[in-house]
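# generate a structure from the sequence data that follows.
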Amino acid sequence: MAISIPIFSNQLKKARLAVNQANGRAAFSAAEAAYLDYVAEKGSITANSSVNGQKTVTYTYFPAVGKGILEFHYPDGRWVRDSHGSVYTYTDVSTWTVDTEVSDGRKISYKVARVWTIHMNPENGDIIGYYCAFPAADERQYNEVLNAFESGTESKYSQVK
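This is a model prediction of the structure:
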């Protein structure tokens, strides 16, 4: 038993890492596609956020539904987050290991992120950074957004029209 628990724990960390890497890649791809579609239709997009003083446009991706929302906004100004808030990193997902730390010192293999917010340069769509969130404190908000995807009303959470 003393041997099997650390082995199981290590395998669980590797599995979480793999899921986070896959979801991070999916979020990147979806964000780039949403940016390109929007710019092709409208000509340009306005920044709605910033990272390290650089203006950005955001795309929030929900792995549970495999979709996201360009310039996501929750109506009452709050967002789904655990007691630590969102965690973030600016490193390339392909370089992650089970020991890669995110903003608050936790490891990326700590938990599977349920929400990804990708920050892009509004002028050219380059990825600047991303936040991954582990919502727990307000499941109601998280479930409202997932239900909106199911009913096809997710556009009510978008700042761009």
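# and the helix or strand containing Ala18, how far from the chain's centre?
According to DSSP states H and E, Ala18 maps onto helix 4-42. Using Cα atoms, centre = their mean, to the nearest Å, the distance from the centre of helix 4-42 to the centre of the chain it belongs to is 8 Å.
# how many other residues sit next to Ala18?
14 (other Cβ atoms under 10 Å). Any C-beta I mention is one placed from the backbone N, CA and C, and that applies to glycine too.
# roughly how far apart are it and Trp96?
To Trp96, Ala18 is 10 Å away according to Cβ to Cβ, to the nearest Å.
# with Thr58 instead?
21 Å.
# between the two, which one's more packed in?
Neighbour count, other Cβ under 10 Å: between Thr58 and Trp96, Thr58 has more, with 25 against 19.
# would you agree that one falls within a strand?
Yes: when classified by DSSP: H, G, I helix; E, B strand; the rest coil, Thr58 is found to be part of a strand.
# helices of the chain, start to end?
4-42, 139-151 (DSSP state H).
# what sits against Thr46?
Thr46 is in contact with Val57, Pro122, counting by Cβ atoms under 8 Å, 6 or more residues apart in numbering.
# make 46 the starting number, not 1.
Renumbered: residue one is now 46, and that last one reads Thr91.
# quick revisit: tell me which of the helices of the chain lies nearest to Tyr119.
Ranking the helices of the chain by their distance to Tyr119 (criterion: Cβ to Cβ) puts helix 184-196 first, at 6.2 Å.
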